[in-house]
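[1] Model the structure of this input:
(chains A and B)
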Amino acid sequence: MTQPLLTVEGLKVQFATEDGIVRAVDGVDFALERGRVLGIVGESGSGKSVTSMTLLGLTRGANALFEGRAMFDGLELIGASESQLRRVRGAGIAMIFQDPMTSLNPVQRVGDQIIEMIRAHEPVDEKEARRRTIELFGEVGIANPSERVDSYPHEFSGGMRQRVMIAMALACSPDVLIADEPTTALDVTIQAQILELIAKLKDEHGTSVILITHDLGVVARLADDIAVMYAGRIVEQGPKEEIFYDPQHPYTWGLLGSIPRIDRPKPPKLHAIPGQPPSLLRPPQGCRFRPRCPHAFDKCFEEPQLESRIESPTHLDRCWLTPEQKRGNRGETIQGTTGEEAA
Amino acid sequence: MVVFVVRRIIGMVLVLFAVSFITYVIFVQIPGGDPAQRIAGKTATQQNIADIRQKLGLDRPFYVQYADMMKSIFEQKLVSYQSQLNVVGQIKAGLPATFSLAIGAGIIWLTFGILVGTIAAVTAGRLSDRLITVLALIGISMPVFWLGIVARYILSENHPLGIFPDSGYVPITQSPVQWLYHLILPWFVLAVLFIGFYGRVLRSTILDTINEDYVRTARAKGISYRQLLVRHVLRNSLIPIVTLFGLDFAAVLGGAAILTETVFNLQGVGQYAAMSITTLDLPPIMAITIYATFFIVGFNFLVDLLYAWLDPRIRPA
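    Sure thing, here's the model as predicted:
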C-alpha cells in the first residue's frame, strides 16, 4: 500500500437554515490512493455531493460550517485559503458535474472555457492552450475537434457536452478526478460510452477517481473500493467485491436488492426500502437507518461506529447485527426470495 | 439577417404610424383642444373662429388633416399654432441640450448602476449590501423635480454650497468647460433614479446567476474571482440591464427627461414638449411624439442586436 493521495478525517458539514442546522455530512472518513477508484454510493440527500464539493471549497458560504480535515498533497483543504484552493481546483483535483446541459457557460465558446482554465494554472499562451484543447477534444472522442472548439454549448448534445466536461476536467492533468453522477442525466447507451471513456482516461493518465453515484451498476464497472453513504455518514466501506458479495449493512442490502438483475430468477417484486430518508435536521438516535430497518433491535438506539466487524480488516460497517445474523438475513432483501440461501 | 432587419424596419414604420395617429386623435378630441378657438382668443366671434379654421384647414376631415400634418412634418414645414415658429427647427435647436443630458446621464447611471448592483450582490447580506439597498430605495423614491430643486438650492450659486451654476445650458461648441460645468448637476439628478433601479435589478439577477451550475463549474476550474465574476456571472446577468438601458436611454434622448430639462432650464426637446403640452399646441406635440417614438423603436432594434451579441443562443442561424 502506498501513501494515500487524499485523506479525509472526521469531515462534518453543516448548513444553518431557517428550520435549524442541517447536518449534511456528519463524520466522514476515507482515503484515496493513487490510481484507485473510490465509488461513493447513496441515495439523494445522503451527503455524497456535499462531501466532494467541500473538498474543493465549493460549499463554502455564510451559512456553512465545517469540521474535520482533508489532506491532499500536503495541503489541508478544509481550512485552506481561497487562493490556496484556487490552485488545487482544476489542477490538483478536478470535477465533472451531474448535468452537462447546465454545467457549461451558455454564452462562451466551449474551447474558450477550457483555454481559460489551462491559462489559469499554467503560464502558456492562448495559442498553446488552444492547441492542447483541440488535442483533448480528440482524446475524449469529439469529432472535428479543431472546429468544435469554437462551438457554443447549445450546439452540442448532452453526451457531447459531458465529453467536453471530461476534457475540461483532464485539461490540467489532475491527480484526482471527482465525477459527481457523471452519467445520471444521460441516456443509457451514452452512459456506457462515458463510463468507458472515464475508465480509459483514468488508466492512461494514472488519475485517481472519486465516483459519486446512486447507481450501483456504475460503481460495479469502475470502482476499486466502495463507500456506501446514508444520511450524512458512511455506513459501509470496503473493496468492491466484498461490498457486492458479502454486504454487511442492511442499507447496502436494500440498495443491492433494488437493482433488477438478468442473471437471477425474476423476483415477484423488486425490493424497495420502506420509508423516507431521515431529516438531517433531527437525525434519528443511534443507527440512522434504524427507523427503516426491518432487522432493528434495542441495541440500535446506540451509535454503531464504522469499524471492521468481520474477518476482512478493510471492510468496515456500522451495524450491530452479528456477521451470522447478517449473512442469514440479507438474502431475502437482496434476492427478493424467502429462501435461506445465505452466502 | 437581412430578413430580420427588413421585418424590423417595416415594424418600426407601422409603430410610428400607430403612435402618431393615436396621439393625433387624442389631442383633437381633448376638451379645449380646438386650436382655432385657442388662437382666436376669449373675445372671438364665431366668424373669427371659422376664418381661422378655414385658414388652417381645420374644417377638413380629420384624417386629411392628419395626413397633411404628417406630410408637413417630414417636409419640415410644420409651424406651431402658438408661436408660428417652425416646429422641426425648434426640435433641432433643442437637440444638443437633450443629447448632452442623455448621453452624460446615461453613462453615469449605467456605470454606477452596474457598479452598485455588483457590489451589493457580491456582498449580499452584509452591511454594504444593506446600505446600498437603502440608498437605492431612497434614490428610486425621490421625484426628479424635487431632487432637482433641492440640488439647485444646496449646490448652485448664491446658495449654501454654491459650487455649480444655477441652471441653463451652454453649448459645447461655445465652451466645453462651461458645458460640463452646467451639466454635472442635471446629469446626476437624472441618473439617481436609474442608478437605484438598475442596481436593484442587477443585484437580483447576479444572485440568480451565481447559483447557476456553470458558475460552480467555473469555480471548480480554479480561475480567479475577478474572471469568474466578469466572464461568467456579469456577462450572463447583463441582459435585463441591456433591455432597460435601451428603453430608458431612448426615452431620455426622445425628450422624456421633461422634468430635469425644465428644472434646470436646459431648453432641450423635453422642455419644448412640456411647453407645448401646457398650451395644447398640436403641431409640436405631434412632431415630438414622432421624434421620441423613432428613438424608442430604433433603440429597441439595437437592443435586439445586442442580445444576439450577448447570448449566442438567440442568434439567427
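
[2] quick one: A:Gly39 and A:Val219 touch, right?
    Yes - taking contact to mean CB atoms under 8 Å, the distance of 3.3 Å between A:Gly39 and A:Val219 places them in contact. Glycine gets a C-beta too; all of them are placed from N, C-alpha and C.

[3] any shared contact partners between those two?
    Taking CB atoms under 8 Å, 6 or more residues apart in numbering or on different chains as the contact rule, the neighbours common to A:Gly39 and A:Val219 are A:211, A:213, A:226, A:240.

[4] among these, which are in helices?
    Of these, the ones assigned to helices by DSSP state H are A:Lys240.

[5] Show me which pair in the shared contacts of A:Gly39 and A:Val219 is furthest apart.
    The most widely separated members of those, counting by CB to CB, are A:Thr213 and A:Lys240 (13.0 Å).

[6] quick one: which of these two has more around it?
    A:Thr213 (23 against 18; other CB atoms under 10 Å in any protein chain shown).

[7] Now that one. Nearest residue, chain neighbours left out?
    Excluding the flanking residues, the one nearest A:Thr213 by CB to CB, 6 or more residues apart in numbering or on different chains is A:Glu181, at 5.6 Å.

[8] Give me the neighbour count for residue 97.
    Going with chain A. Neighbourhood size, A:Phe97 [other CB under 10 Å]: 24.

[9] Switch to chain B, please.
    Counted with other CB under 10 Å, the burial measure for B:Ala97 works out to 27 neighbours.

[10] show me the contacts for it.
    Contact analysis of B:Ala97 by CB under 8 Å, 6+ apart lists B:169, B:261, B:266-269.

[11] State the mean pLDDT of the helix or strand hosting B:Gln227.
    Using DSSP states H and E, B:Gln227 sits in helix B:225-227. Rounded to a whole number, the mean pLDDT of helix B:225-227 is 92.

[12] Please point out which parts of that helix sit buried.
    Of the residues in helix B:225-227, none are scored as buried under the neighbour-count criterion (16 or more other CB atoms under 10 Å in any protein chain shown).

[13] and it, anywhere near chain A?
    Yes - on the criterion CB under 8 Å from any CB of the partner chain, helix B:225-227 is in touch with chain A at B:225, B:227.

[14] which residues are in contact with whatever helix or strand comes next after that helix?
    Using DSSP H and E, the helix or strand that directly follows helix B:225-227 along the chain is helix B:235-237. Helix B:235-237 is contacted from outside by A:105-108, B:202, B:205-206, B:208-209, B:212, B:310, using CB under 8 Å, 6+ apart.

[15] One more: stretch B:206-214?
    Under the criterion CB under 8 Å, 6+ apart, residues A:97, A:99, A:102-106, B:117-118, B:121-122, B:124, B:215, B:232-234, B:236-237 lie in contact with stretch B:206-214.

[16] what pLDDT does whichever residue of the stretch 201-343 of chain A sits closest to chain B get?
    Of all residues in the stretch 201-343 of chain A, A:Ile210 sits closest to chain B, at 13.3 Å by CB to the nearest CB. The score at A:Ile210 is 95. That number is its pLDDT.

[17] Can you classify the closest residue to it other than its chain neighbours as helix, strand or coil?
    The shortest distance from A:Ile210 to any residue other than its chain neighbours is 4.6 Å, reached at A:Ile178 (CB to CB, 6+ apart). Judged by DSSP: H, G, I helix; E, B strand; the rest coil, the three-state class of A:Ile178 is strand.

[18] Neighbour count and secondary structure for the contacts of B:Ala97 - can I get that in a markdown table?
    Conversion of the contacts of B:Ala97 to a markdown table gives the following (neighbours: other CB atoms under 10 Å in any protein chain shown; DSSP: H, G, I helix; E, B strand; the rest coil):
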| residue | neighbour count | secondary structure |
| --- | --- | --- |
| B:Tyr169 | 24 | coil |
| B:Glu261 | 28 | helix |
| B:Leu266 | 24 | coil |
| B:Gln267 | 19 | coil |
| B:Gly268 | 29 | coil |
| B:Val269 | 32 | helix |
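
[19] Now for the residues you listed: which two are most distant?
    Pairwise distances across the contacts of B:Ala97 (CB to CB) peak at 12.0 Å, for the pair B:Tyr169 and B:Val269.

[20] Quick check: residues of the stretch 151-300 of chain A near chain B?
    For the stretch 151-300 of chain A, the residues in contact with chain B under the definition CB under 8 Å from any CB are A:152, A:154, A:165, A:168.

[21] in chain B, which helix or strand is least confident?
    helix B:35-40 (a mean of 78; mean pLDDT, DSSP states H and E).

[22] which residues of the stretch 151-300 of chain A fall in helices?
    Residue ranges of the helices in the stretch 151-300 of chain A, as given by DSSP state H, counting those that start in this stretch, are A:158-170, A:188-205, A:216-222, A:240-245, A:250-257.

[23] give me the element the residue in the stretch 101-250 of chain B that chain A sits nearest to is part of.
    Distance from chain A to each residue of the stretch 101-250 of chain B (CB to the nearest CB) is smallest for B:Gly222, at 3.5 Å. Element membership for B:Gly222 (DSSP H and E) is empty, with no helix or strand holding it.

[24] quick one: it and A:Glu128, what's the gap?
    Distance of B:Gly222 to A:Glu128, given as CB to CB, to the nearest Å: 18 Å.

[25] which of those two has more neighbours?
    For B:Gly222 versus A:Glu128, neighbours defined as other CB under 10 Å are more numerous around B:Gly222 (23 against 14).

[26] which residues does the more buried one contact?
    Under the criterion of CB under 8 Å, 6+ apart, the neighbours of B:Gly222 are A:85-91, A:117, A:120-121.

[27] is it possible to export these to a markdown table including secondary structure?
    Conversion of these to a markdown table gives the following (three-state DSSP):
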| residue | secondary structure |
| --- | --- |
| A:Leu85 | helix |
| A:Arg86 | helix |
| A:Arg87 | helix |
| A:Val88 | helix |
| A:Arg89 | strand |
| A:Gly90 | coil |
| A:Ala91 | coil |
| A:Met117 | helix |
| A:Ala120 | helix |
| A:His121 | helix |
